[in-house]
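Novice: Here you go, sequence then predicted model.
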Amino acid sequence: KQEVTQIPAALSVPEGENLVLNCSFTDSAIYNLQWFRQDPGKGLTSLLLIQSSQREQTSGRLNASLDKSSGRSTLYIAASQPGDSATYLCAVRTVEYGNKLVFGAGTILRVKS
Amino acid sequence: KAGVTQTPRYLIKTRGQQVTLSCSPISGHRSVSWYQQTPGQGLQFLFEYFSETQRNKGNFPGRFSGRQFSNSRSEMNVSTLELGDSALYLCASSLVTEMAYTFGSGTRLTVV
């Protein structure tokens, strides 16, 4: 059974800091891994998608890496801003479960101005 | 292009009633999935439809059902509502398995 864990559960940083969010998964047989952002009471916004054959993806100040063999992914946010405050979720699409996404519990990020 | 559209945005229902939620995927997307999000359980998979066929189902009771129409629009139905069904219900669509999922804004269901 695929399990996804995100560390830390919450993070508070001053504006301008670089930060790393961690995601680990137990079953390395994945199609891909997707990072999402969720603002309070809202839906999910896709940030980055990494295919199982890829090592990293970048979009603006965001960089996500994937180490499939060790079951780990990190989301790096450079020069954080108050507008980055949100819950960040990682989700894996596992071969065993087809198109079902298995989510971590998320990291609540607060960037203080 | 238009994103994933879910209606209604908010619903308040009484225990024992039934409810139907609607999801219109991104044009051309044939895979539609539903998820339930609660503070205690996080995001949990309900079911996935592809070309009007249910391909995968999560671990939810039979009170939760869904369907997909020929235009890829999907509905989910919850019968005999319980207080524990209060949640944010999210719909997501994808072009193919290798592509990213795009989520809608969700329907907030409150059962009183």
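Specialist: The structure has been received and is ready for your questions.
Novice: Go through stretch A:50-59 and flag the buried ones.
Specialist: By 16 or more other C-beta atoms under 10 Å in any protein chain shown, the buried positions in stretch A:50-59 come out as A:50, A:52, A:57. In this view, the C-beta of every residue, glycine as well, is placed from N, C-alpha and C.
Novice: my guess is the first one contacts residue A:66, does it?
Specialist: Yes: shown here, residue A:50 and residue A:66 form a contact pair, counting by C-beta atoms under 8 Å, at 4.5 Å.
Novice: quick one, strands of the chain?
Specialist: Because you didn't say which chain, this covers chain A. A:4-7, A:10-14, A:19-25, A:30-38, A:44-51, A:56-59, A:62-67, A:72-77, A:86-94, A:101-103, A:107-112 (DSSP state E).
Novice: Actually, chain B is the one I wanted.
Specialist: Ranges of strands in chain B, per DSSP E, are B:5-7, B:10-13, B:19-24, B:31-38, B:42-50, B:53-57, B:64-68, B:74-78, B:87-94, B:102-103, B:107-111.
Novice: Turn those strands into a markdown table, columns for distance to residue A:89, mean neighbour count and mean pLDDT.
Specialist: What follows is the strands of chain B, written out as a markdown table (distance: least, C-beta to C-beta, whole Å; neighbours: other C-beta atoms under 10 Å in any protein chain shown; pLDDT from 0 to 100):
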| stretch | distance to residue A:89 | mean neighbour count | mean pLDDT |
| --- | --- | --- | --- |
| strand B:5-7 | 18 | 16 | 97 |
| strand B:10-13 | 22 | 13 | 98 |
| strand B:19-24 | 19 | 19 | 98 |
| strand B:31-38 | 10 | 23 | 96 |
| strand B:42-50 | 7 | 21 | 94 |
| strand B:53-57 | 20 | 13 | 91 |
| strand B:64-68 | 22 | 19 | 97 |
| strand B:74-78 | 21 | 20 | 98 |
| strand B:87-94 | 11 | 24 | 96 |
| strand B:102-103 | 10 | 22 | 94 |
| strand B:107-111 | 18 | 18 | 98 |
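Novice: Great, nothing more from me.
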